[in-house]
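[1] I'd like to go over a predicted model; first the sequence, then the structure.
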Amino acid sequence: GTTVKLSTVPAPLGRPADAGAFRETLAALASGDDPEDAREDALAELACHPSLKAGDALDTEDAQALVDRLGQCEQPFACPHGRPTVLSVNEETLAAGFERQ
C-alpha cells in the first residue's frame with residue numbers, strides 16, 4: 001500500500017540521518033522519478049546530513065578514526081555532492097602562512 005516502515009538509519013559518528021532526507025526520497029519515488037536515480041540521490045543526501053560540520057568538537061581519537069575511514073574510501077577527495085574533503089597545500093604556502101621560510 002502506501003505505508004513504509006523504516007527500520008534502520010545510518011548514523012555515522014553517532015549522528016542519525018535527517019528524517020527530512022527520507023521524506024524527500026519517498027516524495028521523489030512517489031512522483032515517478034527513476035528509482036535508481038532516487039536511490040543515488042538519497043545516498044548522497046544521507047551521507048552529508050549527519051556529517052561533521054565546521055565548528056563541531058572532535059577529540060583526537062575521533063579525528064584519527066575519521067581520517068582513517070576517509071583513507072579507506074574509493075574516492076576520498078570529495079563528498080557525494082562534490083564538495084572537497086581533502087585540501088592539498090604545498091610546503092611553500094604552508095610555511096608562508098606561518099611566516100616561516
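    That came in fine, so what should we check first? What you see is a predicted model, and the numbers here were worked out from it, not measured in a lab.
[2] from residue 98, how far out is residue 92?
    The gap separating residue 92 from residue 98 is 11 Å, by C-beta to C-beta, to the nearest Å. C-beta coordinates here come from the backbone N, C-alpha and C atoms, glycine included.
[3] neighbour count: those two, which is higher?
    Between residue 92 and residue 98, counted using other C-beta atoms under 10 Å, the more crowded position is residue 92 (9 against 6).
[4] what about this structure, any weak spots by pLDDT?
    Across the chain, the ranges flagged by pLDDT under 70 are 9-18, 21, 25, 33-39, 42, 44-50, 80.
[5] let's go with 90 and repeat that
    Applying pLDDT under 90 to the chain picks out residues 1-59, 62-63, 65-88, 94, 97, 99-101.
[6] now do the helices in it.
    19-30, 35-48, 60-71, 91-97 (DSSP state H).
[7] beta partners of residue 84?
    With DSSP bridges as the criterion, residue 84 is bridged to residue 78.
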